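In: Whatever this is, show me its structure:
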Amino acid sequence: MHYQKPILAGMLLLICGLFACNSNEIGESKDVNQDKIYMDYSITYYEGDDQVALNFQYRFAGAAGTTLVLNNPSQVKLDGEVLKVDSSKYGGAFYTVNKSHHAFLGKHSIQFTDINGKHFENSFEFAPFTLVNLPATADRNKDLLVSYNINGLNGNDDIEINSVDTDSSFHYHESGANTSIAITASDLKRQKNVYVSFEATIYRKIPLTQTTAEGGSLRLTYRLKPVKIKLQP
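Out: Below you'll find the predicted structure:
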């Protein structure tokens, strides 16, 4: 029994890490200053999935504040569809919806109305993220250029390339409007397998044009399936 306290402490640290120590407490929007409501929006998609996951939260006094249930007439809509509140022990109150990937490509809008009837509308585009001109084989002695494309690539975008299924891992990160990342020859030479496998992910911050005085954020995570390229000696 004397082991339970350290184990519990470790679990709490793990949970805190996963959720960045954001509050999971739940309050009601009618009880707070409407100008102190922070809009916390996220969009997540993994290539090959049928669904795009959208999660909207409203927090009191900043990104880590108490999550809020929106009291009537306050509400949130996605493309005119009113979303219903849900909650969890570790996530607090949230408004979530899943949309068909193919049908969701294009422009969309989030409409938030506060308790006083004030409207805030923010638009975004869900665009495909792809790798382009990827070779079937690569020379171990030369850098491998990984080129990618997504509509409107800009300074708020972060691209990551991570190795998959290898004992000689590598990680690359590129910010801004560059459209390629080079996997160095030194990393390719360290691969013991005949193939090199890696996955690409874009983390996009989409500016919100209409927010309360407290502000908000809209984040897109779009991860591609791992790709495999044969390495030549």
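In: mind giving me the domain split of this protein?
Out: For the chain, the structural domains run 22-127+209-219, 130-207+220-232, going by automatic domain parsing.
In: any chance of those domains in CSV, with mean neighbour count too?
Out: Backbone N, C-alpha and C define where each C-beta goes, glycine included. CSV is the format used below for the domains of the chain (neighbours: other CB atoms under 10 Å):
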stretch, mean neighbour count
domain 22-127+209-219, 16
domain 130-207+220-232, 15
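In: can I get the ones you listed in a markdown table with mean pLDDT?
Out: Below are the domains of the chain laid out as a markdown table (pLDDT from 0 to 100):
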| stretch | mean pLDDT |
| --- | --- |
| domain 22-127+209-219 | 96 |
| domain 130-207+220-232 | 95 |
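In: can you give me the helices in this structure?
Out: For the chain, the helices defined by DSSP state H occupy 4-18, 101-104, 185-189.
In: Phi and psi next, for the closest residue to Tyr90 other than its chain neighbours.
Out: Nearest residue to Tyr90 in three dimensions, chain neighbours excluded: Asn24, at 5.5 Å (CB to CB, 6 or more residues apart in numbering). With angles defined as degrees, to the nearest 10, Asn24 sits at phi -110, psi 10.
In: Verify the stated contact: Asn24 with Ala93.
Out: No - in this structure Asn24 lies outside contact range of Ala93 using CB atoms under 8 Å: 9.0 Å.
In: what's across from the nearest residue to Ile26 once chain neighbours are set aside in the sheet?
Out: Spatial nearest neighbour of Ile26, excluding adjacent residues (CB to CB, 6+ apart): Ala93 at 4.7 Å. Under DSSP bridges, the beta-bridge partners of Ala93 are Ser87.
In: give the contact list for Ala93.
Out: Taking CB atoms under 8 Å, 6 or more residues apart in numbering, we find Ala93 in contact with 26, 57-58, 67-69, 85-87.
In: again with Asn151
Out: Asn151 makes contacts with 125, 127-128, as judged by CB under 8 Å, 6+ apart.
In: can you tell me how far it sits from Val76?
Out: From Asn151 over to Val76 the distance is 25 Å, taken as CB to CB, to the nearest Å.
In: Kindly report the same for Leu188.
Out: Using CB to CB, Leu188 is found at 47 Å from Val76.
In: what do you get for Thr96?
Out: Per CB to CB, Thr96 is found 11 Å from Val76.
In: Give me the common contacts of those two.
Out: Taking CB under 8 Å, 6+ apart as the contact rule, the neighbours common to Thr96 and Val76 are 56, 83.
In: and Phe60, bridged to which residues?
Out: Beta-bridge pairing for Phe60 (DSSP bridges): Ile37.
In: which residue sits closest to Ile206, ignoring its sequence neighbours?
Out: Nearest non-adjacent residue to Ile206, counting by CB to CB, 6+ apart: Leu218, 4.2 Å away.
In: Okay, and the beta partners of the one you found?
Out: Taking DSSP bridges as the rule, Leu218 bridges to Tyr41, Ile206.
In: Pull the contacting residues for it.
Out: For Leu218, the contact set (CB under 8 Å, 6+ apart) comprises 39, 41-43, 110, 122, 124, 205-208.
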